[in-house]
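> Here you go, sequence then predicted model.
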Amino acid sequence: MFPTLIRRLAASPSIAPKLRNATRAPPTVIYANSRYKPKKVWPPDFSRLSEKEQFRFERRYKRRVRLATARPRWDKYVKLAQLGSVTFVLVYSVLFMDWNTEKQPFDGIRSRFWGVIGALSPEKRHERQRPDLPTTTDQK
């Protein structure tokens, strides 16, 4: 917001000090004095339009508003934040949360998960290196 404001202020033409307090003409006066007259009056008088034309104007206006207010980068980051928070809550509730019940609902998942993680620990590295099958050398 602030970078845009600063950029616009820097790009705006400087006004002479004598003209700063002068009143500006309203936009209708500017358009009335223009050589190029508008082809259509905007906004249209909806009381004079048929329902079909009203619907067409509304649809066009809604489409233009949607395009003007589209913020794809913001939407992407909001979706990622939502996905991250939901994932965090689910992982925390399944693996770490104390449910204050007799039997934890996710005991099987927890034991399996920590068993896999525990097998990757440095203390059990030597157990992983031992083969489970006996060697078959010289058994004739």
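Sure, I can see it.

> any idea how far the nearest residue to Gln54 once chain neighbours are set aside is from Pro3?
Sequence neighbours aside, Phe46 is the residue nearest to Gln54 in space, at 5.6 Å (criterion: C-beta to C-beta, 6 or more residues apart in numbering). For every residue, glycine as well, the C-beta is placed using N, CA and C. Distance of Phe46 to Pro3, given as C-beta to C-beta, to the nearest Å: 39 Å.

> Neighbour count: these two, which is higher?
Remark: of Phe46 and Pro3, Phe46 carries more neighbours, 11 against 7, as counted by other C-beta atoms under 10 Å.

> Now do the more buried one, the pLDDT please.
On pLDDT, Phe46 comes in at 86.

> now swap in Val78 and tell me
Here the pLDDT value assigned to Val78 is 98.

> three-state assignment of it?
At Val78 the chain is in helix, as set by DSSP: H, G, I helix; E, B strand; the rest coil.

> Appreciated, that's everything.
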